[in-house]
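Enquirer: 3D model of this:
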Amino acid sequence: MFGFKSKPKETPETSQPAQKEQPGFFARLRARLNRGDSWLTYDLANLLPGGKIDENVLDELETRLITADVGVETTERILAGLRKKVQRKELDDLNALLGALRASLLEVLQPVAKPLVIDSNATPFAILVVGVNGAGKTTTIGKLARELKRHGVKVMLAAGDTFRAAAVEQLQIWGQRNDVPVIAQATGADPAAVVFDAMQAAKARGFNVLLADTAGRLHTQSNLMDELKKVKRVMGRVDATAPHEILLVLDASQGQNALQQARLFNDALGVTGIVLTKLDGTAKGGIVLAIASELKIPIRYIGIGEAAEDFDEFDAEAFVDALLKTRESA
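Expert: Numbering: from 1, shown residues only. Next up is the predicted model:
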């Protein structure tokens, strides 16, 4: 098995100090989820009459969670435990409330914080990357290829998005940037044929991982979803266990619509992992909680910007602390 929790060894190139030190990924996540103070906990102290935790405070938290796309059911799950603690008089000040809130959020997120593990016995370990238009699939593939290669993994890309203008060229640019090969055909080619060829090439040449791009499609278009099922079947003809990962890329700024996309892609294909992108935009991050609570699909990575380094494994504790704007050092 290949695992990627540890950072790769420094090389002379990577060990050289940068001209200007950039904030760590966690610090940038915290800053981008919260434009200023934490949207979730801002000004709560002013709502505590005499420091007492009461139903008004919990109602305010409930409103903030729902308006941040956490969803009604997940919000009720989070608040239920807090209300019981208030009834038992276990929360006697703001710090106790925040500690209990942190524990409740972690209870939702920790079960799905599972990094991608590459089975070294699969040659190649085939990852089918899916999602709707504009979610950031091709960019995610490029960033993931970069991360895998940094850990010494031999990666090949398959340009299975044969419909979108310049999609193949975009993937080839990422391939050149990361020095990884890209299997492609002409625009309009059968995506299943492209991925089939890529599977055979990766197998023959001993590549560890194949990342297969697909055309962005609306989850409501059944004919396009059927095409994805065809690609999945064709991968299985080369290796009966493939694809080994079906990675769904979701735009976090889409809110509850992203949750609906996840439901339908999962029903059609059996999604095994999720990447949430664009957490640097209008998203407050609540949709991460909604997806984790309802679908319980592993969240592999999150993206907080366009730069290659704005992409990292999902860490439940770091994410919750970013929402609460704690752990100032990062």
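Enquirer: Show the residue spans covered by the strands in the protein.
Expert: With DSSP state E, the ranges of strands along the chain come out as 125-130, 155-158, 182-183, 209-212, 245-251, 273-277, 299-303, 311-313.
Enquirer: For beta bridges, what are the partners of the residue nearest the centre of the chain?
Expert: Among the residues of the chain, the one closest to the centroid is Val275, at 2.3 Å (C-alpha atoms, centre = their mean). Taking DSSP bridges, one obtains Val249, Tyr301 as the residues bridged to Val275.
Enquirer: From Thr140, how far off is it?
Expert: Distance, Val275 to Thr140, using C-beta to C-beta, to the nearest Å: 5 Å. No exception for glycine: its C-beta is placed from N, CA and C like everyone else's.
Enquirer: Repeat that for Leu97.
Expert: Look at Leu97 and Thr140: by C-beta to C-beta, they are 36 Å apart.
Enquirer: Check Pro181 too.
Expert: Taking C-beta to C-beta as the measure, Pro181 and Thr140 are separated by 18 Å.
Enquirer: Low-confidence ranges, the stretch 201-330 of the chain, go.
Expert: Within the stretch 201-330 of the chain, the ranges that satisfy pLDDT under 70 run 217-221, 281-283, 326-330.
Enquirer: on that earlier part again, how about JSON lines for the strands of the chain, with distance to Val320 added?
Expert: Below are the strands of the chain laid out as JSON lines (distance: least, C-beta to C-beta, whole Å):
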{"stretch": "strand 125-130", "distance to Val320": "27"}
{"stretch": "strand 155-158", "distance to Val320": "31"}
{"stretch": "strand 182-183", "distance to Val320": "38"}
{"stretch": "strand 209-212", "distance to Val320": "29"}
{"stretch": "strand 245-251", "distance to Val320": "19"}
{"stretch": "strand 273-277", "distance to Val320": "15"}
{"stretch": "strand 299-303", "distance to Val320": "13"}
{"stretch": "strand 311-313", "distance to Val320": "15"}
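Enquirer: Surely the residue nearest to the centre of the chain and Ile302 touch.
Expert: Yes - using C-beta atoms under 8 Å, Val275 and Ile302 qualify as a contacting pair, with a distance of 7.2 Å.
Enquirer: between the strands of the chain, which gets nearest to Gly236?
Expert: Of all these, the one in closest proximity to Gly236, counting by C-beta to C-beta, is strand 125-130 (9.3 Å).
Enquirer: what does the closest one contact?
Expert: Residues from elsewhere that reach strand 125-130, judged by C-beta atoms under 8 Å, 6 or more residues apart in numbering: 118-119, 137, 140-141, 144, 195, 199, 202, 208-214, 228, 231-232, 235, 239, 242-249, 265, 269, 271.
Enquirer: Mind splitting the protein into its structural domains?
Expert: 29-112, 125-314 (automatic domain parsing).
Enquirer: for these, which one ends up most surrounded?
Expert: Burial of those is given as mean neighbour count (mean count of other C-beta atoms under 10 Å); domain 125-314 ranks first at a mean of 20.
Enquirer: starting at the chain centroid, how far to that domain?
Expert: Centroid separation for domain 125-314 versus its chain: 11 Å, with C-alpha atoms, centre = their mean, to the nearest Å.
Enquirer: What is the end-to-end distance of that domain?
Expert: Across domain 125-314, the terminal residues are separated by 21 Å (C-alpha to C-alpha, to the nearest Å).
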